[in-house]
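Visitor: Sequence below, structure please.
(2 chains, ligands or ions: 1)
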Amino acid sequence: MKGEIKLMERFIDPCCDKCVNSKIKPCENFVECRLSGPICHENKECTGKRQAIIEKYNHSPGFFQH
Amino acid sequence: MYDKQILICAGTGCISSGALDVKGSLEKELEKHNLQDKVRIILSGCHGFCEKGPIFIVYPEDIFYCGVTAEDMPELVEEYLVKGNIVDRLLYKDPITGESVTSHENIPFYRQQKRLVLRNCGVIDPENIDEYIIRDGYSGLKKSLQMDPKEIIDTVKNSGLRGLGGAGFPTGRKWETAYKIESDKKYVVCNADEGDPGAFMDRSVLEGDPHSVLEGLMIAGKAIGSDEAYVYVRAEYPLAVRRLRKAIAQAEEYGLLGENILNSGFNFKVNVKEGAGAFVCGESTALVISIEGKRGMPKPLPRPRTTEAGLWDKPTLLNNVKTLSVIPQIINNGADWFAGIGTEKCKGTAVFALTGKTNCSGLIEVPMGIKLGKIIHEIGGGIPGGKKFKAVQTGGPSGGCLPESKLDLAVDFDTLLQAGSMMGSGGMVVLDETTCMVDVARYFLNFTVEESCGQCTPCRSGTLQMLEILNDICEGNGREGDVELLLELGKSIIDSSICGLGKSAPNPVLSTIDYFRDEYEAHIKDKTCPALVCKNLIIYDIDQEACTGCGRCRKNCPAGAIAGDKKEPHVIDQEKCTKCAICYDLCPDRFSAVKCLTGEKITAMAKGGGN
Ligand SMILES: Cc1cc2nc3c(=O)[nH]c(=O)nc-3n(C[C@H](O)[C@H](O)[C@H](O)COP(=O)(O)O)c2cc1C
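Guide: Here you go, the predicted structure:
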């Protein structure tokens, strides 16, 4: 169903049907989009899904930042 | 969301110290306490402090536990994760004060370091591309895809980056040459051969941060107009190879490697070639031949540069693992950022495998220009057992030994070379007063003799001649004039060998003659080994007045060379003694009855003078 919110467990997963990144048609903004997107549309839940991945993996920001 | 995240170092060193058992035991304990959904376990790459492994860090509070075992897990989970009490016995202990240190930031081994190449090692799960992306991974690639090749090359040139594979050749200049050569096909090659004994810098980067190397390769490819790369890595590095292959598969899945990367029209493929582990295959022309499937030997002179005619005679850009892994940060942060670190002529950082006689050893990264003494005495924590520092060997088998008078040297490519050693790819072995410098030179030369491809006479026969002279000296058969002969041979091997292996092989001998000539003379003229190492020049003897006849030496002598009644002074039968030093090591300090003698003292003893 269009616009349905799916699980985004990894950055490669689309946040929703609006994400058109694929191997055949790669999105040029893929990297920025995953870090601070979505870029091509606005959706708080889509932003939240990215944030959840970032928070999960940003476990040791302090190591060697001194 | 997790309450805690635990990073367990899963570099080769920590795995061999039991890191995977620690993980298994931790998982069981977490389940027992129903914490499996609250605590996430991450297997990271190398933290560098291999000597204290397995390393175990708990976030968000950043508690640094070291030397943990599977058996420690019940206590760690119960006490720390459940009750919140720090388990003091597993914390790092300062070797001088004996005090416990909770955070890595306060451990001198880490405090003096600056990590660029090793930025993600020990910080991320190297098998998870998302963790790399979160730490700005592939942002440099994205940026470079929007840049003109010249712009990328200028950025690398202006950064001042010099190749970290050993020779310190300016990276931007090499890229420019490769870019300017017109060809229908060009290659980029990553040199991960790492053949120096004791070196594990490149292995750790591949194990701990493989995506950074892939990203560096792609940026290099974009800059010079290449669409294909090879990583030449020794098969003896199975974990590095596995993680690299996994990283390639992930990057391909993400569309960050392959066709039309990020819709830019840029295509790039990375192949992995496993080498058989010959030291000479790290030399650029031998490496290229080995990738082509032939026996890896340096090309005869005159030969074109690899940049002009390398793999299958196509222009080939060859860079070391560390050089490539720092490239994404240079593109991301700009040339000035990188140029602001290090010295005027050597920018950025140097990575060393610090080993030998130091209290703390492992993998370190320091800004270029740091004082040699600071590395040894502050990061390395000084010499253990109250012994005196004697020398530091840098640059692996191609390098040299520097004495105490050089500890004030600001470490970089040029200063080390001027002092008679070299940076090499980063081996750093600290030697104390119990090391014989002639024996050290012999050890390194033995390595190069074995690793010489045998193609050119000076390297094949010349190094063997030098080794035979060194063997004679160490065995007490040295002759007047041997030192001069070594100097002459060394010079002619350097002048006439066809590749860097032969050209640098005499370095450990020449530098030890330069700084420790008196030790050579003592071996030759006085038949003395001042460090009491060379077996033919020493004997063990028991001081009859100091010996109480405790029998410890007699019971443990593997050669049955010690005799004596209980509570009576013992004697060593010199005919049977194999000089294993077990008696010397076992004799209690309060007696110190077993003596090691050399030179005149042996003669005096033989004449019945005792010791
Ligand atoms: C005998 C010999 C062994 C070498 N081994 C290595 C090696 O293991 N890794 C490496 O990067 N460079 C090694 N080099 C240096 C390479 O030939 C080459 O200079 C280097 O890979 C270039 O990379 P860089 O410009 O990034 O330093 C070796 C050179 C010689 C002569």
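Visitor: Now residue B:604, what are its backbone angles?
Guide: Main-chain dihedrals, residue B:604, degrees, to the nearest 10: phi -60, psi -40.
Visitor: Check residue B:57 too.
Guide: Per-residue torsions, residue B:57: phi -120, psi 130 (degrees, to the nearest 10).
Visitor: max-length helix in the chain?
Guide: Unless you meant another one, I'm taking chain A. When chain A is scanned for its longest helix (criterion: DSSP state H), the result is helix A:44-57.
Visitor: I was thinking of chain B, sorry if that wasn't clear
Guide: Counting by DSSP H, the longest helix found in chain B is helix B:507-525.
Visitor: Name the nearest residue to residue B:160, sequence neighbours excluded.
Guide: Spatially, and ignoring its direct neighbours in sequence, residue B:160 is nearest to residue B:347 (3.4 Å; CB to CB, 6 or more residues apart in numbering or on different chains). From N, CA and C alone the C-beta is placed, and that goes for glycine too.
Visitor: Residue B:528 - nearest residue in space that isn't next to it in sequence?
Guide: With sequence-adjacent residues excluded and distances taken as CB to CB, 6+ apart, residue B:528 is closest to residue B:599, at 3.1 Å.
Visitor: whoops, I mixed them up, residue B:475
Guide: If the residues on either side of it in the chain are set aside, residue B:475 comes closest to residue B:536, at 4.5 Å by CB to CB, 6+ apart.
Visitor: now the helices for chain A?
Guide: Using DSSP H, helices in chain A cover A:30-36, A:44-57.
Visitor: Could you dump these into JSON lines and include distance to chain B and mean neighbour count?
Guide: Below are the helices of chain A laid out as JSON lines (distance: least, CB to the nearest CB, whole Å; neighbours: other CB atoms under 10 Å in any protein chain shown):
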{"stretch": "helix A:30-36", "distance to chain B": "5", "mean neighbour count": "19"}
{"stretch": "helix A:44-57", "distance to chain B": "5", "mean neighbour count": "15"}
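Visitor: Same list (these) but as TSV, adding mean pLDDT.
Guide: Conversion of the helices of chain A to TSV gives the following (pLDDT from 0 to 100):
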stretch	mean pLDDT
helix A:30-36	96
helix A:44-57	94
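Visitor: Now tabulate the ones you listed in TSV and tack on distance to residue B:368.
Guide: Shown next, in TSV, are the helices of chain A (distance: least, CB to CB, whole Å):
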stretch	distance to residue B:368
helix A:30-36	30
helix A:44-57	32
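Visitor: Which among the ones you listed is found nearest to residue B:29?
Guide: helix A:44-57 (22.0 Å; CB to CB).
Visitor: Smallest gap between chain A and chain B, at which residue?
Guide: Evaluated by CB to the nearest CB, chain A has residue A:59 as its residue closest to chain B, separated by 3.8 Å.
Visitor: pLDDT wise, what is that residue at?
Guide: If you check residue A:59, the pLDDT there is 73.
Visitor: and if you look at residue A:5?
Guide: pLDDT, residue A:5: 52.
Visitor: Any idea how many residues pack against residue B:606?
Guide: Residues near residue B:606, counting by other CB atoms under 10 Å in any protein chain shown, number 10.
Visitor: and if you look at residue B:551?
Guide: Residue B:551: 15 surrounding residues under other CB under 10 Å.
Visitor: Ok, the one 4 residues further on next?
Guide: The tally of other residues near residue B:555 (other CB under 10 Å) stands at 9.
Visitor: Check residue B:70 too.
Guide: 18.
Visitor: Wait, it touches residue B:25, no?
Guide: Yes: counting by CB atoms under 8 Å, residue B:70 does reach residue B:25; the two are 3.8 Å apart.
Visitor: State the next helix or strand along the chain beyond the host helix or strand of residue B:220.
Guide: Following DSSP states H and E, the helix or strand that holds residue B:220 is helix B:210-224. Sequence order places strand B:228-234 as the next helix or strand after helix B:210-224, per DSSP H and E.
Visitor: Report whether that following strand contacts the ligand.
Guide: No: residues of strand B:228-234 contacting the ligand under CB under 6 Å from any ligand atom: none, with a closest distance of 8.5 Å.
Visitor: swap in stretch B:419-437?
Guide: Yes: Stretch B:419-437 reaches the ligand (CB under 6 Å from any ligand atom) through residue B:425.
Visitor: How far off centre is that stretch?
Guide: Offset of stretch B:419-437 from its chain centre (CA atoms, centre = their mean, to the nearest Å): 12 Å.
Visitor: List the buried residues for it?
Guide: By neighbour count with 16 or more other CB atoms under 10 Å in any protein chain shown, stretch B:419-437 contains the buried residues B:419-432, B:435-437.
Visitor: Start and end of it, how far apart?
Guide: 17 Å (CA to CA, to the nearest Å).
Visitor: Please, which helix or strand holds residue B:272?
Guide: Using DSSP H and E, residue B:272 sits in strand B:269-275.
Visitor: wait, I meant residue B:243
Guide: Using DSSP H and E, residue B:243 sits within helix B:238-253.
Visitor: quick one on the thing from earlier: and the buried residues of stretch B:419-437, which of them are in strands?
Guide: Among the buried residues of stretch B:419-437, DSSP state E puts B:427, B:428, B:429, B:430, B:431, B:432 in strands.
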